[in-house]
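# predicted model follows, preceded by the sequence.
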Amino acid sequence: MLLLISFSPCPHGLNVNKESKFIKNKEWDRGNNASVPSFLSFIVNKNNFEHRKDFLLEKDIIIYFKLLKKEMREILQAIVNGILLGGIYSLIAIGLSLIWGVMRIINWAHGAMVMLSMYITFFAYSMFKLDPLLSLPLVAVIMFVIGYLLQMVLVERTLNSPWISRLCATFGLMMLLESLALLVWSSNWRAIPVTYGTWTFCIGGIFISFSRFVAFSIALLMALALHLFLNHTESGKAIKATAQDREAAALMGININNIYRITFGLGLAATGVAGASLMTFYFVFPTVGFPFALTAYIVCVLGGLGRLNGAVLGGLIIGIAQSVSAYLISPEYKMVVSFVIFLAVLYFKPGGIFGGVSE
Amino acid sequence: MKNKFFSYKIFFIILVLIISFLLPIFIKNIYILDIAITVLLYAYLGNAWNIVGGYCGQVSLGHAAYYGIGAYVSTILFLKFGILPWIGMIVGAILAGFLAIISGYPSLRMKGPYFVFFTIGFAETIRILFLNWSWVEGSRGIIIPFQDNPLNFIFFSKIPYYYIILTFLIFGMCITYSISRSKIGKYSIAIREDETMAEALGINTALYKSYTFAISAFLMAIGGTFYAQYVLFIHPNDLMSLNNSVIFMLIAVAGGKGTLFGPLIGSIVIMPLWEYFRSTFGGRFAGLGIVFAGSIILIIGTAAPQGILGILTKIRTRYSLSSKSNSIVREER
């Protein structure tokens, strides 16, 4: 198997001198012509591709690439991008899914929590020069404490009232946090310039961003760790018991309120991990979280309530769908595509792709 | 006893009507008149939301889509086909009602939070489509040329706008009142209280939810046309953003959802404060208005799910309990 890994400084995995050759040839400009609608530019790109080939690829890979068709490779690239994107979605959805599954509470402030953990990561970097991947456990612990306190102070009060008051409480919290962030930290976009931010693997001509790959592996590891925690520790089993039957669990001597606080904390800790690993390649601003959270809700519905494997798989499906549709149709419509998928799942399989009980 | 209470209520309504009709005579400051118009507009929109969110219990965070469609349909008909906005308003409203039925049919089978997700997704989809649709100017927005003529629904002074939106509000509240007294309203309340039970009693829940949804969207679209003709500039992000849907919900929920006067009271309390925060702290402390709105939603969610009217009712009940009149009857209610 031909496998070539290059750590090159520019994001697309092109060498700098080769890219400059590119610009000289003006091929790049014609391919990305802004006046051509994006659907047509895909066709234009395809026509121009023959001239581009020698700039785009390492010498060795060209041989391999003659075996693969161009369209196939582009689709494959879109799918790989989608898988990496899906890793990020599932990372964010895992925390949401845990809270939703155990407590039957939808945390509408989830986007704000993602934003908060990204800001914590950013300030850990700007104050103490901590790398996002190093500050990740720290952010998780801070978010756990925040979640524990939030549940104690805010959400616990609304547990026995109808769901709309929980919607109001958490939605109000989201608006409050986002606008406070705007007030205190301004609307500037901030990013952490990590050294590995532009590293790119090139496996068989398909480019894989290193930091996104790290985020993807963190998602898988976190899902595994949570799975082990829920199934093989006493408090994990207590959480599962509470999820199955609240009253019966209380009768068995489980402190329900404490379990709920721990669950909310755990959910937010997972969000903290997501935020910290997002910071390696993304930027933070006050309203960064909501689009992610909206996708995470869709992922949760897709995977089924409270299922960690469902959250991971749902994230991958949505990621691939968004990436491929952005390649085939247009990037603006990727949210539309995920909503269509969401609607179809709700309509045909309301318990998620694995089946199960819907609310 | 009941009769006395009723007459007291009617006296109150007539008083409010007289005050609101005479208000523009005393207000000379255009800015304050603008705030009054905003209050009435949002009371109207909150009232439209209340029909589906309050009476029927289907919390929708996608009503901004119908609001935007109302504005866009009348404007496009006016600018591209020369049809007067007064007619375009009705066309847009009917279109929004149909869209509500079409979009509502699958969505109204969902319950609780799923329905909220669906409405958000629907509104965002419509917004993205309008943002990328070049025939309706996409993300550039549409500027309506200023030709002041009552036929064009464009006036030089703000006073006609005030009376128009006041009429709309009274019209909308009459519709809400008649719905709440009719079969649709009773069925809606039954659906809100217990959907499974309502279904078991033989109510076609999907049908009645669609009815209320369509009426609500119809009224919403009329509000959208008013906004377009008042501001004379429309943009998908101004009209159809999630923020707008949240404000509609906030006004109805803050005043008291599922009550006739809830949205009006909510709008009277919230919109001037919002405007004050925005005008005073807008530049230096952007976002303070939303801090305020967010904390109101949060407090209402945790402490007073019945809104301002609910608090008033509680106070009145306590007062009447202390005066020992009809305490048992009140308690039973």
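Ah, there it is. Numbers count the residues shown, from 1 in each chain, chains lettered A, B, ... in the order given.

# would you map the strands across the stretch 101-250 of chain B?
B:142-143, B:233-234 (DSSP state E, counting those that start in this stretch).

# the closest residue to chain A within the stretch 101-250 of chain B: neighbour count?
Nearest residue of the stretch 101-250 of chain B to chain A, counting by CB to the nearest CB: residue B:121, 3.9 Å away. Quick note: C-beta positions are derived from backbone N, CA and C, even for glycine. Per other CB atoms under 10 Å in any protein chain shown, the neighbour tally for residue B:121 reads 24.

# repeat for residue A:71
Residues within reach of residue A:71, counting by other CB under 10 Å, total 10.

# three-state assignment of it?
helix (DSSP: H, G, I helix; E, B strand; the rest coil).

# for the stretch 201-350 of chain A, which residues are neighbours of chain B?
Counting by CB under 8 Å from any CB of the partner chain, the residues of the stretch 201-350 of chain A lying close to chain B are A:286, A:290, A:294, A:297-298, A:301, A:330, A:332-333, A:335-336, A:339, A:342-343, A:346-347, A:350.

# show the buried residues in these.
Restricting those to buried positions leaves A:286, A:290, A:294, A:297-298, A:301, A:330, A:333, A:335-336, A:339, A:342-343, A:346, A:350, with burial counted as 16 or more other CB atoms under 10 Å in any protein chain shown.

# among those residues, which lie within helices?
A:290, A:294, A:297-298, A:301, A:335-336, A:339, A:342-343, A:346 (DSSP state H).

# want to throw the residues you listed into a markdown table with pLDDT and distance to residue B:162?
A markdown table is the format used below for these (pLDDT from 0 to 100; distance: CB to CB, whole Å):
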| residue | pLDDT | distance to residue B:162 |
| --- | --- | --- |
| A:290 | 86 | 35 |
| A:294 | 86 | 38 |
| A:297 | 87 | 41 |
| A:298 | 87 | 43 |
| A:301 | 83 | 45 |
| A:335 | 81 | 39 |
| A:336 | 85 | 39 |
| A:339 | 83 | 39 |
| A:342 | 83 | 42 |
| A:343 | 77 | 41 |
| A:346 | 75 | 43 |
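
# where in the chain is pLDDT low?
Answering for chain A, as no chain was given. A:1-70, A:350-351, A:355-359 (pLDDT under 70).

# hm, I was asking about chain B
Applying pLDDT under 70 to chain B flags residues B:1-6, B:106-109, B:282-286, B:321-333.

# is the residue of the stretch 101-250 of chain B closest to chain A in contact with residue A:341, as I believe?
No: judged on CB atoms under 8 Å, residue B:121 makes no contact with residue A:341 at a distance of 10.3 Å.

# and the lengthiest helix in chain B, which residues are buried?
Longest helix of chain B, by residue count under DSSP H: helix B:205-231. By 16+ other CB under 10 Å, the buried positions in helix B:205-231 come out as B:205, B:208-230.

# can you pull out the strands in chain A?
A:200-203, A:206-209 (DSSP state E).

# now the last one, how far from the centre of its chain.
The one in question is strand A:206-209. Relative to its chain's centre, strand A:206-209 lies at 17 Å (CA atoms, centre = their mean, to the nearest Å).

# before we move on, the earlier item: going by distance to chain B, which of the ones in helices among the buried ones among the residues of the stretch 201-350 of chain A next to chain B wins?
residue A:339 (3.9 Å).

# which residue is the nearest non-sequential neighbour of the closest one?
Excluding the flanking residues, the one nearest residue A:339 by CB to CB, 6 or more residues apart in numbering or on different chains is residue B:121, at 3.9 Å.

# residues in contact with the one you found?
A:294, A:298, A:339, A:342-343, B:62 (CB atoms under 8 Å, 6 or more residues apart in numbering or on different chains).

# residues of whichever strand or helix holds residue B:25 that come out buried?
According to DSSP states H and E, residue B:25 maps onto helix B:2-26. If you call a residue buried by 16+ other CB under 10 Å, then helix B:2-26 has these buried ones: B:20, B:23-24.

# and stretch B:66-85, by the same measure?
Buried, per 16+ other CB under 10 Å, within stretch B:66-85: B:66-79, B:85.

# just how off-centre is that stretch within its chain?
20 Å.

# still on that earlier bit, got TSV for the strands of the stretch 101-250 of chain B, with distance to residue B:47 too?
Below are those laid out as TSV (distance: least, CB to CB, whole Å):
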stretch	distance to residue B:47
strand B:142-143	27
strand B:233-234	22
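
# point out the most buried one among those.
Sort those by mean neighbour count, taking mean count of other CB atoms under 10 Å in any protein chain shown, and strand B:233-234 sits at the top with a mean of 19.

# run through the neighbouring helices and strands of that strand.
Contacts defined by 3 or more CB pairs under 8 Å, 6 or more residues apart in numbering or on different chains; DSSP states H and E place strand B:233-234 against helix B:63-81, strand B:142-143.

# listing partners with orientation, what would you give for the shortest one?
In the sheet containing strand B:142-143, the strands it pairs with under DSSP bridges are strand B:233-234 (antiparallel).

# need the contact partners of the strand it pairs with.
Residues contacting strand B:233-234 (CB under 8 Å, 6+ apart): B:68, B:71-72, B:75, B:141-144, B:227-228.
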